[in-house]
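1. heads up, no residue letters with this:
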């Protein structure tokens, strides 16, 4: 079965609107995230100042991306780790597989990683014969359900507790135990995943930040699964995209100030951890090998161009939570791993405009995403620029293209424009009901004629 | 308002000239909003002119990816409007286009950039203009408008012109009762061509808004943007909101209409000439 | 040339070609290390779902741990971080020392390097004395923190480490509450993978 694709957004969205279970789950999620973020921001003295500092840290990083990556690499090597580079997602998957094969690994525990999702790492690892278990509860649930995430920080936001209970019944040996409470479900997953942590040969995690000055990687979680994945197995592999690098621990700190507040409405997530190289000689625990695979996948081309600032995205999810489109249709409608406004920008840039035509158009330009983005990314303007590129490539559909072209031409010809306005009035009055969408009542023009015609008429009479 | 000759400046050639840019939606579908604007602005002592060759601000093309065409339209509207002292637009969406997006569109050409910035500096959304010039009502709301209104702050008034609070305070000043509408910052789902391209989604967003209007016990919707109003009105007939009010009254009105209803009718260029 | 090397030069070359040289404003340097308020640290930590109590010294703190264990019916023997064991006087409170941190109901006791007042976070540095696994594997986590070691913000932590000549350890864990998840129906549940509870004792002094 072919799942939803970005190209079928319209149909995906209509399907999602009819899915009562999904609508129920989305309704609850939206209000929660929005209220929590608003509360967290109200609690700090000057969130605008925190945003400015975070943005300044990121600007510094993007202006020096190549030297910072080189510095990061040197720092990692100095602390005993290894850095691998991948231009494409295929290369990333192969390098992870090669590392795992190199240490004779079989069982893999994985922390949440959007880069892993972007690369389809799980499928590649399973295809190569590894046994891989997702450890973030949400990711674990969608792994069992064999679905992509529907939210970048709450991957299983579309699932109800009953659906999760069904999955556990199907995949766990529950016997007669019925799992009805959410706490039962969380405990069940804790038990099952605990043994996966303790027996894994390799832990794979993503990274929220890479710090050039000391070669540390930063992982932010609430569950602690990233920390366990990074600490218990003998090998820790980090997969991260190149724009995650910042210069210093101070710059990383400034970005962390806005991350959790924007994401879950916490001042800090329960666990913000910096990992550096393999375990030190005297350490009792920790991995013996530490690898980082850096992914480009087209990001380097964005630097210096009109879409550069999408590289500032820290994947907090605030734009999703505040988007009237996302909150009505959920993440799967977007057809790939990045949904919502940031996804509607990033997906076309990574997958090409042709295969993703509906996404930049699926916005009312309400501007709320930009208003809540802690990194100040002008998401609506980027969607508009993508529409311009679609237009230049003649990817927009012909009737729209012609219609907007005609209306723009008319706008440059005032006499015709006003005559056309009068025709529109007439047309609306005589349009039969069946030509209107069924769920809308026909819009009727009021008054005798257009405002401009009436005004002219009065002016000439007085 | 204490002045016994409220129209003193109307024919005064020295009064500042205001260009009223009615917008293509008002011009075509709700001309009475245009006349309400004229009444409101004249009362403040300005000379209102309606440049006859105004068309559309260019937003449909601009948002549809037709940048070159939008630039041509922007230049034409700038040339038309720049001679005036003020430009008033009864729409956050079109005002925002002129204020924020004309300079963005024309940023490559220094001379046009400066002209667009000059225009942006004297362009205001209607409620913002009324607020800045201390508009005052003459009388309480007329009986047929006395009900609880839900004020739908359009996204463009909220985030483009940042004037949604002006409309709110003007409506309150005029004595209108405004309901506590939940999720006021959330889009109604209009979005211009979005409503046509993604009809099902747009309708759902609109119905969500109408449900919240019903939840707060409002029986009418007022907004500073006609696009949102028409979108909601076209959906309301099918949700049962329409018809809550008395017969012969309207449920979806522009801020200008409600405010003008609190102003004494006066003989002005906006009145129907008696022959 | 390996695939990684090829990708490396390709990526770095593209970045160097694309980068727009720009004057980058350096952040205003905050010169001095700022210390934080104990009270704000405590309030923040509690709002994150942790318990925090001020005690005279480690003897009182260990007595409190014992009381917690008995009151809650946790595993009778706590796992104590090696570094802490060397410093505090157990005073024969427990007959033997427990090491199996994964056992059900176990409480792990470790020591924080410092606290962050702004966000109510504990800073735990990994070392042979303070293994990271203690912070995550036990069902309950108790942390001892000298009450005077609370800095204002995250940046101050790095300053303090530098001032004290501490090299970057394998792991720096900023812990701001018990493990939690909201992945099912956005309902917060404590104890997702890590500790179900976090209790912090602010010590006026280490030993009496």
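-> Yes, it's here. Given the structure is predicted, the values throughout are model-derived calculations rather than measurements. Numbering: from 1, shown residues only, chains lettered A, B, ... in the order given.

2. When you work out contacts or count neighbours from here on, use the C-alpha atoms and nothing else.
-> OK.

3. So is stretch A:330-338 next to chain B?
-> No: when contact is scored as C-alpha under 8 Å from any C-alpha of the partner chain, no part of stretch A:330-338 falls within range of chain B; the minimum is 11.6 Å.

4. end-to-end on that stretch?
-> Its first and final residues considered, stretch A:330-338 spans 11 Å by C-alpha to C-alpha, to the nearest Å.

5. pLDDT of stretch A:273-291, averaged?
-> The average pLDDT for stretch A:273-291 rounds to 96.

6. again with stretch B:74-84
-> Here the mean pLDDT over stretch B:74-84 is 98, rounded to a whole number.

7. Not counting its own residues, what contacts that stretch?
-> Residues outside stretch B:74-84 that contact it (C-alpha atoms under 8 Å, 6 or more residues apart in numbering or on different chains): A:412, B:17-19, B:51, B:53-55, B:57-58, B:87, B:98, B:102, B:112, B:115-116, B:118-119.

8. among the residues you listed, which are in strands?
-> When DSSP state E is applied, these are split such that B:17, B:18, B:19, B:87 fall in strands.

9. The last one touches residue B:122, doesn't it?
-> Just to be clear, that refers to residue B:87. Yes: Residue B:87 sits in contact with residue B:122 when judged by C-alpha atoms under 8 Å, with a separation of 6.1 Å.

10. And the two? Which one has more around it.
-> With other C-alpha atoms under 10 Å in any protein chain shown as the criterion, residue B:87 and residue B:122 differ in neighbour count, and residue B:87 comes out ahead with 26 against 17.

11. Please state the offset of stretch B:69-78 from the chain centre?
-> 21 Å (C-alpha atoms, centre = their mean, to the nearest Å).

12. Give the ranges of residues in chain B that sit below the confidence cut-off.
-> Across chain B, residues meeting the criterion (pLDDT under 70) sit at B:1-13, B:238-249, B:266-275.

13. tell me, what residue is most central in chain A?
-> The C-alpha lying nearest the average C-alpha coordinate of chain A belongs to residue A:338 (C-alpha atoms, centre = their mean; 3.8 Å).

14. quick one: contacts for that one?
-> Taking C-alpha under 8 Å, 6+ apart as the contact definition, residue A:338 lies against A:151, A:152, A:331, A:344, A:346, A:347.

15. where does the fourth one land on pLDDT?
-> At residue A:344, the predicted lDDT confidence score is 98.

16. My reading is that it lies in a helix. Confirm?
-> Yes: with the criterion set as DSSP: H, G, I helix; E, B strand; the rest coil, the secondary structure at residue A:344 is a helix.

17. out of everything not next to it in sequence, what's closest to it?
-> Counting by C-alpha to C-alpha, 6 or more residues apart in numbering or on different chains, residue A:359 is the residue found nearest to residue A:344 once chain neighbours are left out, at 5.0 Å.

18. which element is that neighbour on?
-> Element membership of residue A:359, judged by DSSP states H and E, is helix A:358-361.

19. who does that helix touch, helix- and strand-wise?
-> With contacts taken as 3 or more C-alpha pairs under 8 Å, 6 or more residues apart in numbering or on different chains; DSSP states H and E, helix A:358-361 sits against helix A:9-18, helix A:340-351, helix A:379-392.

20. do that again at 6 Å, thanks
-> With contacts defined as 3 or more C-alpha pairs under 6 Å, 6 or more residues apart in numbering or on different chains; DSSP states H and E, helix A:358-361 has no packing partner among the helices and strands.

21. now that helix, how far from the chain's geometric center?
-> Its chain's C-alpha centre lies 15 Å from the corresponding centre of helix A:358-361 when counted by C-alpha atoms, centre = their mean.

22. repeat for stretch B:179-198
-> Once both centres are worked out by C-alpha atoms, centre = their mean, stretch B:179-198 turns out to sit 16 Å from its chain's centre.

23. Also stretch B:122-129?
-> Remark: stretch B:122-129 is offset 9 Å from the chain centroid, using C-alpha atoms, centre = their mean.

24. How about stretch B:159-177?
-> Distance of stretch B:159-177 from its chain centroid, counting by C-alpha atoms, centre = their mean, is 11 Å.

25. What are the contacting residues of the helix holding residue A:359?
-> Defining contact as C-alpha atoms under 6 Å, 6 or more residues apart in numbering or on different chains, one finds that helix A:358-361 is touched by A:344, A:383.

26. ok, 8 Å please
-> Residues external to helix A:358-361 that are found in contact with it (C-alpha under 8 Å, 6+ apart): A:6-10, A:334, A:344-345, A:348, A:383-384, A:386-387, B:194.

27. rewinding a little: and which of the ones in strands among the contacts of stretch B:74-84 is nearest to chain C?
-> Ranking the ones in strands among the contacts of stretch B:74-84 by separation from chain C, with C-alpha to the nearest C-alpha as the measure, puts residue B:87 on top at 38.1 Å.

28. which residues touch that closest one?
-> The contact partners of residue B:87, taken as C-alpha under 8 Å, 6+ apart, are B:18, B:19, B:20, B:21, B:81, B:119, B:122, B:123, B:124.

29. Select from those the one having the most neighbours.
-> Counting neighbours by other C-alpha under 10 Å, the top entry in those is residue B:21, with 30 neighbours.

30. got a list of what that residue touches?
-> B:50, B:51, B:54, B:87, B:88, B:89, B:90.

31. Now find how far off-centre stretch A:329-336 is within its chain.
-> 11 Å.

32. does any bit of it sit next to chain C?
-> No: using C-alpha under 8 Å from any C-alpha, no contact is recorded between stretch A:329-336 and chain C, whose separation bottoms out at 13.9 Å.

33. Endpoint to endpoint, that stretch covers what distance?
-> By C-alpha to C-alpha, the extent of stretch A:329-336 from end to end equals 14 Å.

34. Ignoring the adjacent residues along the chain, who's closest to residue 89?
-> I'll assume chain A. Leaving aside its chain neighbours, residue A:89 sits nearest to residue A:119 (4.7 Å; criterion: C-alpha to C-alpha, 6+ apart).

35. was after chain C, sorry
-> Ranked by C-alpha to C-alpha, 6+ apart and with sequence neighbours excluded, the top spatial neighbour of residue C:89 is residue C:59, at 6.9 Å.

36. on that earlier part again, so what pLDDT did the residue nearest to residue A:344 get?
-> In this prediction residue A:359 is given a pLDDT of 98.

37. where's it relative to residue A:378, distance?
-> Distance, residue A:359 to residue A:378, by C-alpha to C-alpha: 16 Å.

38. between the two, which one's more packed in?
-> Neighbours per residue (other C-alpha under 10 Å) separate residue A:359 from residue A:378, with residue A:359 holding more: 29 against 16.

39. what about the more buried one, distance to chain B?
-> As defined by C-alpha to the nearest C-alpha, to the nearest Å, residue A:359 lies at a distance of 11 Å from chain B.

40. what's the spacing between that residue and residue A:301?
-> According to C-alpha to C-alpha, residue A:359 stands 21 Å off from residue A:301.

41. got the contact list for the residue positioned nearest the centre of chain B?
-> Closest to where the C-alpha atoms of chain B average out (C-alpha atoms, centre = their mean) is residue B:90, at 2.5 Å. Taking C-alpha under 8 Å, 6+ apart as the contact definition, residue B:90 lies against B:21, B:22, B:23, B:37, B:125, B:126, B:127, B:224, B:225, B:256.

42. That concludes my questions; thank you for your assistance.
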